[in-house]
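Q: the sequence isn't on hand, but the structure is:
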């Protein structure tokens, strides 16, 4: 019998709207449970999930037939709906529209999973790894250079 074999690991990171501290400790586990459930429904395996009050990290193994954008849309939509209708009814909650998706070498799974599990500690002690955090335009020199070039190209 033929079967596909894949080892597609992706580290996903996304933030709350305007990086507002909307994920209190009392709602972390319920919202993470919703995210894990949606991943399972789509055939993905959650390796690690964690974060702090304004963003989430998710390390997930993908099957070959699921697109990253499809999974992110599903988990963000479902978790946002659950948050405002079940976990904290009538509260303001919204995810930022963007996300980061980083491929992970299978040999680095344990290191990334540990990093995700210790998010609060990393942020408290300021030991975050920039390459494993949600980047902003200010933190990515290539984006700044490209923006500068684009601006000068259209300045005339």
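A: Perfect, I can see it now. Quick caveat, the model's predicted, so the values are computed rather than measured.

Q: can you give me the helices for the chain?
A: Assigned by DSSP state H, the chain shows helices spanning 25-41, 68-82, 109-117, 119-125, 141-153.

Q: if I average pLDDT within each of those, which one is lowest?
A: Here those differ in mean pLDDT, and the lowest is helix 141-153 at a mean of 39.

Q: was I right to think residue 83 contacts residue 31?
A: Yes - Residue 83 is in contact with residue 31 according to C-beta atoms under 8 Å; the separation is 6.0 Å. Using the backbone N, CA and C atoms, a C-beta is placed for each residue, glycine as well.

Q: which residues are in contact with the closest residue to residue 98 other than its chain neighbours?
A: Leaving aside its sequence neighbours, residue 98 sits nearest to residue 14 (C-beta to C-beta, 6 or more residues apart in numbering; 7.1 Å). By C-beta atoms under 8 Å, 6 or more residues apart in numbering, the residues touching residue 14 are 55, 56, 72, 76, 95, 96, 98, 99, 100, 134.

Q: neighbours of the closest residue to the fourth one other than its chain neighbours, how many?
A: Nearest in space to residue 76, with sequence neighbours left out and distances taken as C-beta to C-beta, 6+ apart, is residue 95 at 4.7 Å. Counted with other C-beta atoms under 10 Å, residues neighbouring residue 95 total 20.
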